[in-house]
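Asker: sequence first, predicted model second:
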Amino acid sequence: MKSCSTLVALLAALSSASTVVAFAPSSTSAERCSRTRCLASRRDFLATAVATAGVTASSAALLTPLPSLAVVGEGSLPEGAAQFSRVIKVRAQLKSVAKRVTDQPDEITKEEWSKIDEFLRTVYSAGNDMKVIAKGIYDPAKKEKADEDIKLLQKVVQAAQKPVAAKDAAGFAAIATKADGLFEDFLDLLRDVPDEL
């Protein structure tokens with residue numbers, strides 16, 4: 001836009017300057033005629049050069065491809081798929097943490113218990129991802145069951161903070177098993193294939 005207004009102003013200045021010189025009262029008709037021809041050819045040349053430069057600059061600006069808005073090569077997933085991926089990863093991590101707690105309860109340090117407590121927040125937030133995924137369930141009965149499973153999962157995760165704070169490995173294992181079952185129920189609701197097949 002700025003280059004267009006600059007182009008118009010430059011052309012207007014060139015045309016007014018040539019008119020003043022061509023019709024100056026002190027010049028004779030022969031001088032006026034030769035000056036006019038000379039200025040006319042200069043004016044035509046300059047006007048053509050400025051117009052060509054303006055068209056070239058504006059076409060270059062218009063024809064330059066815009067940068068891509070997609071994140072290419074960074075491994076990010078689109079919405080929906082990203083939430084599903086996080087839910088699957090959290091479920092796998094929950095199984096791994098529960099196995100560690102049940103297999104070696106005496107070897108878990110205070111720092112590990114605090115990290116398990118932080119991990120429970122991640123499991124709770126997986127419930128929010130599950131809510132986004134559940135929006136794609138069109139069967140009303142399945143959608144209602146999915147919403148119930150999500151709410152129950154988040155309540156179970158909140159309840160898991162008590163055994164973690166008390167460093168109760170057996171209590172945490174029982175709650176982790178319940179949470180894994182809720183993950184399984186939710187994922188079963190996403191299946192569209194009939195059971196008869």
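Answerer: Ah, there it is. Bear in mind the structure is a predicted one, so any value in this text is a computation, not a measurement.
Asker: residue 116: what secondary structure?
Answerer: helix (DSSP: H, G, I helix; E, B strand; the rest coil).
Asker: which ones are touching it?
Answerer: Counting by CB atoms under 8 Å, 6 or more residues apart in numbering, residue 116 makes contact with 97, 101, 108, 164, 172. Using the backbone N, CA and C atoms, a C-beta is placed for each residue, glycine as well.
Asker: how does it look with 10 Å?
Answerer: 97-98, 100-101, 108, 160-161, 163-164, 167, 172, 176 (CB atoms under 10 Å, 6 or more residues apart in numbering).
Asker: among the residues you listed, name the ones in helices.
Answerer: 97-98, 100-101, 160-161, 163-164, 172, 176 (DSSP state H).
Asker: weed out the non-buried ones from the contacts of residue 116.
Answerer: 97-98, 101, 108, 160-161, 163-164, 167, 172, 176 (16 or more other CB atoms under 10 Å).
Asker: for those residues, give me TSV that also has pLDDT.
Answerer: Shown next, in TSV, are the buried ones among the contacts of residue 116 (pLDDT from 0 to 100):
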residue	pLDDT
97	93
98	93
101	91
108	89
160	93
161	92
163	93
164	92
167	91
172	93
176	94
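Asker: could I get those as a markdown table with distance to residue 182?
Answerer: Shown next, in a markdown table, are these (distance: CB to CB, whole Å):
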| residue | distance to residue 182 |
| --- | --- |
| 97 | 16 |
| 98 | 13 |
| 101 | 18 |
| 108 | 24 |
| 160 | 12 |
| 161 | 16 |
| 163 | 17 |
| 164 | 18 |
| 167 | 24 |
| 172 | 15 |
| 176 | 11 |
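Asker: could you single out the nearest of those to residue 119?
Answerer: Here the nearest of those to residue 119, counting by CB to CB, is residue 97; it sits at 6.2 Å.
Asker: hmm, that closest one is touching residue 117, no?
Answerer: No. Residue 97 is beyond contact range of residue 117, at 11.0 Å (criterion: CB atoms under 10 Å).
Asker: contacting residues around the residue nearest to residue 117 when sequence neighbours are not counted?
Answerer: Nearest residue to residue 117, sequence neighbours excluded (CB to CB, 6 or more residues apart in numbering): residue 164, at 5.0 Å. Contact analysis of residue 164 by CB under 10 Å, 6+ apart lists 101, 113-120, 171-172, 175.
Asker: this completes my enquiry, with thanks.
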